[in-house]
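**Student:** Just a sequence and a predicted model for now, questions to come.
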Amino acid sequence: MNAVREMASVLEAVDGALKLSAPFLAADPARLPGQLTGRLIGSADPRIDILLGEIRDSAPRPWLCPLTASLARAGGPLERVLVGHSEWVLALAVTPDGRQIVSGSEDHTLLVWDLASGRLEHTLTGHHARVSAVAVTPDGARVVSGSADNTVRVWDLVDGRLERTLEGHTDWVRSLALTPDGSRVVSGGGDADQTVRVWDLTSGRLEQTLSGHSRRVEAVAVTPDGARIVSSSYDGTVRVWDLLQEG
């Protein structure tokens, strides 16, 4: 029984190393010996040492053989690395059920990932500039994104389809929030805009334009009762708005 447990421990370590290495191996499978060695070397388990010896003996020559644990170790806090964007990742959201990650990037795209496996499920294209803000509706059915192309876009999370584009901001959309019931989107604009805007999610209609900040609106939030918006700005202020009052 002890031998079974010890072998299971070895397999778990190798599985963890493979998960961390997966995106790099997808780009170049020949990196497998170096990836496994860099993540498993220095293990206290002699079976790992035996495995690494076999890897060294069978690896194609020439190859870069790490001499120390130079990569993130399997079994540590890092579970996996998701590689797919070609530029900075500027925004993230997790679906309410915790099953998917949505990332927005300088490369103009949103990527939807399966959290458990790290598999890329959808690539959402349509923005013409960096994606600076991402939010997921409370029911997990839609993704809302804000971009430096001055638009807010609404996507179907199931099939990745673009449902609508909300236009009205005159500068970069820097921040997003959704009301707790998922019926409205709140967005904050850049320095040339300076407004907080409230949109009906279903129709895309602009309901309110809230003016008062004198610099970019860097963050927005909605209170849990859905009655107020809170916004912060480069003008050094935090402002509280009545979301239920028209105008």
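**Tutor:** Sure thing, it's come through.

**Student:** what's the pLDDT at the residue nearest to residue 243 when sequence neighbours are not counted?
**Tutor:** Distances taken as CB to CB, 6 or more residues apart in numbering put residue 229 closest to residue 243, at 5.2 Å, once the chain neighbours are dropped. C-betas here are computed from N, CA, C, even on glycine. pLDDT, residue 229: 98.

**Student:** Surely residue 229 and residue 221 touch.
**Tutor:** Yes - the pair residue 229 and residue 221 passes the contact test of CB atoms under 8 Å, sitting 7.3 Å apart.

**Student:** more neighbours, those two?
**Tutor:** Shown here are residue 229 and residue 221; by other CB atoms under 10 Å, residue 229 has more neighbours (23 against 14).

**Student:** Quick check: which element contains the more buried one?
**Tutor:** Element membership for residue 229, per DSSP states H and E: strand 228-233.

**Student:** who touches the helix or strand that contains residue 221?
**Tutor:** Assigned by DSSP H and E, residue 221 belongs to strand 217-222. Here strand 217-222 makes contact (CB atoms under 8 Å, 6 or more residues apart in numbering) with 174-180, 186-190, 193-196, 228-234, 243.

**Student:** about what we covered before: what residues of the strand holding residue 229 count as buried?
**Tutor:** 229, 230, 231, 232, 233 (16 or more other CB atoms under 10 Å).

**Student:** any idea how far the last one lies from residue 11?
**Tutor:** Pointing back at residue 233 there. Separation of residue 233 from residue 11 (CB to CB, to the nearest Å) stands at 53 Å.

**Student:** And for the second one?
**Tutor:** Shown here: residue 230 relative to residue 11, a distance of 49 Å by CB to CB.

**Student:** Which element, helix or strand, includes the residue lying closest to residue 21 once chain neighbours are set aside?
**Tutor:** Setting aside the residues directly before and after it, residue 21 is nearest to residue 35 in space (CB to CB, 6+ apart), at 3.8 Å. Take DSSP H and E as the rule and residue 35 turns out to sit in helix 32-40.

**Student:** Please parse the chain into its domains.
**Tutor:** 2-58, 89-242 (automatic domain parsing).

**Student:** For the lowest-mean-pLDDT helix or strand in the chain, enumerate the helices and strands it packs against.
**Tutor:** Within the chain, confidence by mean pLDDT, DSSP states H and E is lowest for helix 2-27 among all helices and strands, at a mean of 76. Using 3 or more CB pairs under 8 Å, 6 or more residues apart in numbering; DSSP states H and E, the elements in contact with helix 2-27 are helix 32-40, helix 46-58.

**Student:** about what we covered before: strand partners of the strand holding residue 229, parallel vs antiparallel please.
**Tutor:** strand 217-222 (antiparallel), strand 238-242 (antiparallel) (DSSP bridges).

**Student:** Let me have those in a markdown table, adding distance to residue 159 as columns.
**Tutor:** Formatted as a markdown table, these follow (distance: least, CB to CB, whole Å):
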| stretch | distance to residue 159 |
| --- | --- |
| strand 217-222 | 27 |
| strand 238-242 | 34 |
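
**Student:** sorry, back to before: nearest to residue 150, out of the helices and strands packed on helix 2-27?
**Tutor:** helix 32-40 (41.9 Å; CB to CB).

**Student:** for that closest one, which positions count as buried?
**Tutor:** Buried residues in helix 32-40, counted by 16+ other CB under 10 Å: 32, 33, 34, 35, 36, 37, 38, 39, 40.

**Student:** Contacts only, for the residue lying closest to residue 217 once chain neighbours are set aside.
**Tutor:** The shortest distance from residue 217 to any non-neighbouring residue, by CB to CB, 6+ apart, is to residue 188 (3.0 Å). For residue 188, the contact set (CB under 8 Å, 6+ apart) comprises 173-176, 195-197, 216-220, 231, 233.
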